[in-house]
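> After the sequence you'll find the predicted model.
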Amino acid sequence: MGGLFLRDGPLRVLSETSANSAFKILKRRDRGETPAEIAEKASEKLTGYRFTRTVSIAPVAAAENNSYPGDDRERLVSGAPVEDDSSFELKLRPQRLAEFIGQKRVKEQLAVAIEAARSRGEAMDHVLLYGPPGLGKTTLANIIANELAVHFQPTAAPLLQIKGDLTAIITNLQDKQVLFIDEIHRLQPVLEELLYSALEDYKLDIIIGQGPSARTHTLEVKPFTFVGATTRAGLISAPLRARFGIVLRLEFYTPDDLQIIVERSAEILGVAIDKAGAKEIAGRSRGTPRIANRLLRRVRDYAQVRGAGKIDEPTAKAALELLEVDHYGFDEVDRRLLLTIIQKYQGGPVGVNTLAAVLAEEPDAIEEIYEPFLMQIGFLNRTPRGRIATQLAYEHFKIAPPRRQASLF
Ligand code: ADP
């Protein structure tokens, strides 16, 4: 994999999350690590990403001056995982379909497919799961393997760089197991082609040797169930998409479902919470279980330190206020995004690249992380000419829409 990262040269990173993790590592001078050791670790974090932003790591001091705008700002209400999520998520992740809350339609379809595959004793059809981050794609892939009582192997497309990476995984598959590839839209085209025959005929064509002496060998692969996950279904090529027998879209969760998720997580974490407290957290979680679990953990800390240990409505409200998570679960970036459209561009339309530049964010992050929820609650519209703030957004910020806009509503 290595080789994507120039040790003393420019460090290029893709997403806010990867940039943040890298910068956290780069700032760890106080731990007595040498710049080379720090660079090595940052490189591990970033290997495999498609690189778009350039940051120089040579002067580590620059990183200490917060030269990267996303640095230090751990986004509490991001659907994407942040660093300390993983250990908690393991505990909170539902293991069986019955424990998985909400997404009724998706669950129903999976239950039928699982039951059918089990009764036939075959591998289940390949599944494509798509939807914004944090809605349970990895969790569902894991559940499919548990329900089928087969081995589960997760990986992510950015980690697969050369044909050998994928060939090794596919040739080592166990019978009927589940292979999960996250961020499948980032799979390189050559690897995608390699995958086609494995998915369709359980065969893998590999070329041995080079030039005139090159030979093609076809390897038999054990039947397996492929589960692909993506936040950007539109970026998946038609041939790959056609190879999925089951295509499932995950929706944002309703406040009621999220309340149940919060109560379930609180029970697992051993925190006392009442219905009103759970409702308060659920309401500000942007329809996303990962955010609900994260807010619960923060509110739990507050309840232990400032309250009596129990999460009730006043405690939850006070904690969330302190964390600056407002009624809709908006944080600073959402507010800046909407206010930029309203104040700088008269409500829009404004192109996503312009917005990204003004906000110092990646266009990808805006499209994948911030916008879906703002559109879901009707604050933002995507049009062919750009993004438009809706009347609801104006009302939320108590700003009067300009006359041109007002006539549009
Ligand atoms: P994704 O892969 O879509 O980014 P994950 O599957 O990693 O999301 O889900 C993030 C976390 O949210 C999981 O660890 C799990 O605890 C929680 N979660 C997701 N969906 C549900 C659900 N339906 N019920 C309960 N918890 C859920």
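Received the coordinates, thanks. Nothing here was measured: the structure is a model prediction, and the numbers come from that model.

> C-alpha from now on. contacts and neighbour counts both.
Fine.

> In terms of pLDDT, where does the residue of the chain found nearest the ligand sit?
Using Cα to the nearest ligand atom, the closest approach of the chain to the ligand is made by Gly136 at 3.1 Å. With respect to pLDDT, Gly136 scores 96.

> which ones are touching it?
Contact partners of Gly136, counting by Cα atoms under 8 Å, 6 or more residues apart in numbering, are Leu250, Pro289.

> who in this protein is up against the ligand?
Applying Cα under 6 Å from any ligand atom, we find that the chain lies next to the ligand at 89-90, 92-94, 100-102, 133-139, 261, 289-290.

> thinking again about what came up before, for the residue of the chain closest to the ligand, grab phi and psi.
phi 110, psi 20 (degrees, to the nearest 10).

> can you check Arg96 too?
Main-chain torsions, Arg96, degrees, to the nearest 10: phi -120, psi 160.

> Against Leu128, how distant is it?
As judged by Cα to Cα, to the nearest Å, Arg96 and Leu128 stand 19 Å apart.

> Could you do Glu280 as well?
Separation of Glu280 from Leu128 (Cα to Cα): 33 Å.

> Mind checking which of these two has more residues around it?
Using other Cα atoms under 10 Å, the more surrounded residue of Glu280 and Leu128 is Leu128, with 25 against 21.

> Now tell me what touches the helix or strand containing the more buried one from outside.
Counting by DSSP states H and E, the element that carries Leu128 is strand 127-130. Contacts to strand 127-130, defined as Cα under 8 Å, 6+ apart, come from residues 137, 225-233, 241, 244-250.

> If we use 7 Å, what do you get?
By Cα atoms under 7 Å, 6 or more residues apart in numbering, the list of residues contacting strand 127-130 from outside reads 137, 226-231, 233, 244-250.

> Give me the lowest-pLDDT entry from these.
The lowest pLDDT within the contacts of strand 127-130 belongs to Ala233, which sits at 87.

> Angles on the backbone of that one, please.
phi -60, psi -30.

> Low-confidence regions, this structure specifically.
For the chain, applying pLDDT under 70 flags the ranges 1-74, 83-84, 404-409.

> change it to 80
Residue ranges of the chain with pLDDT under 80: 1-90, 331, 403-409.

> those strands in it, which residues are they?
Counting by DSSP state E, one finds strands in the chain at the ranges 10-13, 53-56, 127-130, 152-156, 178-182, 203-208, 215-220, 225-230, 246-249, 380-383, 386-389.

> With respect to Gln188, which of the ones you listed lies nearest?
Evaluated over the strands of the chain, closeness to Gln188 peaks at strand 152-156, with 11.7 Å, by Cα to Cα.

> What helices and strands are in contact with the closest one?
Applying 3 or more Cα pairs under 7 Å, 6 or more residues apart in numbering; DSSP states H and E, one finds that strand 152-156 makes contact with strand 178-182.

> Paired strands for the strand it packs on, with orientation please.
Strand pairing for strand 178-182, using DSSP bridges, gives strand 152-156 (parallel), strand 225-230 (parallel).

> so how far is that strand off the chain centroid?
Centroid separation for strand 178-182 versus its chain: 15 Å, with Cα atoms, centre = their mean, to the nearest Å.

> in the stretch 251-400 of the chain, which spans are helices?
Assigned by DSSP state H, counting those that start in this stretch, the stretch 251-400 of the chain shows helices spanning 255-269, 275-283, 289-306, 313-322, 332-339, 352-359, 363-365, 371-376, 391-396.

> As JSON lines, those with distance to Asp175 would be great.
Formatted as JSON lines, the helices of the stretch 251-400 of the chain follow (distance: least, Cα to Cα, whole Å):
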{"stretch": "helix 255-269", "distance to Asp175": "33"}
{"stretch": "helix 275-283", "distance to Asp175": "40"}
{"stretch": "helix 289-306", "distance to Asp175": "32"}
{"stretch": "helix 313-322", "distance to Asp175": "48"}
{"stretch": "helix 332-339", "distance to Asp175": "46"}
{"stretch": "helix 352-359", "distance to Asp175": "45"}
{"stretch": "helix 363-365", "distance to Asp175": "37"}
{"stretch": "helix 371-376", "distance to Asp175": "38"}
{"stretch": "helix 391-396", "distance to Asp175": "52"}
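
> Nearest to Thr167, out of the ones you listed?
Nearest of the helices of the stretch 251-400 of the chain (Cα to Cα): helix 363-365, 29.2 Å.

> In contact with Glu313, which residues?
Ala276, Gly277, Glu280.

> Pull out the buried residues from stretch 260-275.
Going by neighbour count (16 or more other Cα atoms under 10 Å), the buried part of stretch 260-275 is Ile260, Ile261, Val262, Glu263, Arg264, Ser265, Ala266, Val271, Ile273.

> residue closest to the middle of this protein?
Centroid-nearest residue in the chain, with Cα atoms, centre = their mean: Pro133, separated by 3.2 Å.
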